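Chemist: quick one, structure for this:
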Amino acid sequence: MHVLVIGDVGVIDGMMHIGDEAMFEAAVDELRARGVEAVGVSSVPEESAERYGIRCVPRLGFGGLDRAASEARAAQLIAAARGAHPLPEDDVALPALEALRGASGLLNAGGGNLASRWHVHVFERSTLAAMAGALGVPVVVSGQTFGPDLIEADAALVAGMVRSAALASVREPDSLALARSWRDDVRMLVDDASFLTDARTDGGVLVSLSGWFDHRPAEVVEAAIARVVDHAADVVGGPVRFLAHFGPLDDPAPTRGDAALHERLRERMTAPSEVVPTGSSVEAAALARGAALLVTSRYHPAVFAAPAGVPVLAIEVDEYTRIKLTGALGHWGAHPPLPVDELDATGTARVETLHGDRTAIAAAATAREPAHRADTATWWDEVAAVFGAAR
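Modeler: Now for the predicted structure:
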């Protein structure tokens, strides 16, 4: 028997999204450690199969569909799972349906994409859960962020998935409050990828940023960030390293994803810096865990760094990033994120505060680590028990 695991994985056009891959990898590792075989759902099944050493099947065919077409597609797939209307032999979702029919469970792996801005993920995950329900396959929802933007129709789909799950967990307080309005036994844990590795790659200032500024003038924000990173190099010491969490694996030209932003910042800076090529999730986690200071507007660099007691200057640009970064840092007693609009006025002072508090930050993380590790282990023990007890 196997468990079907869906995350937002698969390297498309050579572009790697480290955070999405990290949550999937952590889930596969945790299941494997408990003797549970995983079969993945991926945008690029062959690539993911090779990366994780498991069998993978394609996604369900919601990509590029509008809401009306997505509703029709969901109804078609659920009907097929119920045996009412078989899928055509060339339907892209047929391998996932067959894998689900032979599964002892479905794991909706960690992610922050269940929001109406990405309705494809709302439909894909809720439909797969409904298909599992039609087949009598138990569902677990792990390590999620819900919203903050969820229109009524999408909220109903996500709520139905959560209510039908054998177990459900989220990773920050805002999602917990929403999920507890659907069922009262949803748990809050640290992100699923928090303990992906214990390794550390020694380094000075690590910078991992997204180019999403919520429609603010890019040149203004970039100039402020460059000044803060220059100051960090003076206060903390070098080297200054840039790592794109959404970046190209097979293209040395830094013109895509986070790498393009990083190059613009490096051109503005006076301090010397270097680029670490986008690689594996484990390599990225080790680099974040070994930094003396992390500057990031992305979520998973903070997830990796905070458990190791690394001071984190997290930059929030909208409600979504505020919710996630506040959650990631709050678990470890770390300093809250800084709103991007305050970066120019208080960013350099925050760098000095973080550096001055580095011993206390490390101590707070060390004090919290045993409980978080124990809770995480218990969670995966219970997940494996749900799947092991099925059928």
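
Chemist: going forward, measure contacts between C-alpha atoms and count neighbours the same way
Modeler: Noted.

Chemist: doesn't A302 make contact with A193?
Modeler: No: between A193 and A302 there is no contact under CA atoms under 8 Å: 10.9 Å.

Chemist: more neighbours, the two?
Modeler: A302 (28 against 24; other CA atoms under 10 Å).

Chemist: by contact count, what packs against the host helix or strand of that one?
Modeler: Here A302 sits within helix 299-305, counting by DSSP states H and E. Packed against helix 299-305 by the contact rule (3 or more CA pairs under 8 Å, 6 or more residues apart in numbering; DSSP states H and E) you find helix 18-33, helix 281-289, strand 293-296, strand 312-316, helix 319-330.

Chemist: okay, these in JSON lines with distance to L107 and mean neighbour count next?
Modeler: Shown next, in JSON lines, are the helices and strands packed on helix 299-305 (distance: least, CA to CA, whole Å; neighbours: other CA atoms under 10 Å):
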{"stretch": "helix 18-33", "distance to L107": "9", "mean neighbour count": "22"}
{"stretch": "helix 281-289", "distance to L107": "20", "mean neighbour count": "25"}
{"stretch": "strand 293-296", "distance to L107": "29", "mean neighbour count": "26"}
{"stretch": "strand 312-316", "distance to L107": "30", "mean neighbour count": "27"}
{"stretch": "helix 319-330", "distance to L107": "21", "mean neighbour count": "22"}
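
Chemist: do you know which of these lies nearest L114?
Modeler: helix 319-330 (11.3 Å; CA to CA).

Chemist: who does the helix or strand following that closest one touch, helix- and strand-wise?
Modeler: Later in the chain than helix 319-330, the nearest helix or strand by DSSP H and E is strand 338-339. With contacts defined as 3+ CA pairs under 8 Å, 6+ apart, the packing partners of strand 338-339 are strand 312-316.

Chemist: quick check: which helices or strands does the strand it packs on pack against?
Modeler: Here strand 312-316 touches strand 293-296, helix 299-305, helix 319-330, strand 338-339, helix 343-356, going by 3+ CA pairs under 8 Å, 6+ apart.

Chemist: can you list contacts of that strand?
Modeler: 293-298, 302, 305-306, 322, 325, 334-340, 343, 350-351, 354 (CA atoms under 8 Å, 6 or more residues apart in numbering).

Chemist: repeat the analysis, applying 7 Å as the threshold.
Modeler: Applying CA atoms under 7 Å, 6 or more residues apart in numbering, the contact partners of strand 312-316 are 293-297, 302, 322, 325, 337-340, 351.

Chemist: closest to R266 among those?
Modeler: Among the contacts of strand 312-316, V295 lies closest to R266 (CA to CA), at 13.8 Å.

Chemist: in this structure the closest one contacts S210, no?
Modeler: No: V295 is beyond contact range of S210, at 11.1 Å (criterion: CA atoms under 7 Å).

Chemist: tell me the angle the longest helix seen in the chain makes with helix 18-33.
Modeler: Across the chain, the longest stretch assigned as helix under DSSP state H is helix 358-388. Angular relation of helix 358-388 and helix 18-33 on a 0 to 180 degree scale: 50 degrees, by axes from the mean of the first three to the mean of the last three CA atoms, to 10 degrees.

Chemist: coming back round to it: which of the contacts of strand 312-316 sits closest to V235?
Modeler: V351 (7.8 Å).

Chemist: could you find the closest non-adjacent residue to the closest one?
Modeler: Closest residue in space to V351, ignoring its immediate chain neighbours: A232 at 6.2 Å, by CA to CA, 6 or more residues apart in numbering.

Chemist: so that neighbour: helix, strand or coil?
Modeler: Under DSSP: H, G, I helix; E, B strand; the rest coil, the three-state class of A232 is helix.

Chemist: and it, how many residues sit next to it?
Modeler: Neighbour count of A232, defined by other CA under 10 Å: 27.

Chemist: quick one: stretch 52-70 to chain centroid distance?
Modeler: Chain-centre distance of stretch 52-70: 18 Å, with CA atoms, centre = their mean, to the nearest Å.

Chemist: my bad, stretch 192-212
Modeler: Taking CA atoms, centre = their mean, one finds stretch 192-212 lying 13 Å from the centre of the chain it belongs to.

Chemist: now do the buried residues in that stretch.
Modeler: In terms of neighbour count (16 or more other CA atoms under 10 Å), stretch 192-212 has its buried residues at 192-197, 199-200, 203-211.

Chemist: restricting to C-alpha, output it in CSV.
Modeler: Coordinates of each C-alpha in stretch 192-212 appear next as CSV, following Å, rounded to 0.1, in the frame of the first residue of the first chain:
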residue,chain,number,x,y,z
ASP,A,192,6.5,20.8,8.1
ALA,A,193,10.0,21.7,6.7
SER,A,194,11.3,23.2,10.0
PHE,A,195,13.5,20.2,10.6
LEU,A,196,14.4,19.2,7.1
THR,A,197,18.1,19.1,8.1
ASP,A,198,20.3,19.8,11.1
ALA,A,199,23.3,20.8,8.9
ARG,A,200,24.7,24.3,8.9
THR,A,201,26.7,26.0,6.2
ASP,A,202,28.7,28.8,7.9
GLY,A,203,28.1,32.3,6.5
GLY,A,204,27.6,35.9,7.3
VAL,A,205,24.6,37.7,5.9
LEU,A,206,22.2,35.6,3.8
VAL,A,207,19.7,37.4,1.6
SER,A,208,16.7,35.7,0.0
LEU,A,209,14.0,38.0,-1.4
SER,A,210,10.9,37.9,-3.6
GLY,A,211,10.2,40.5,-6.2
TRP,A,212,6.6,40.9,-5.0
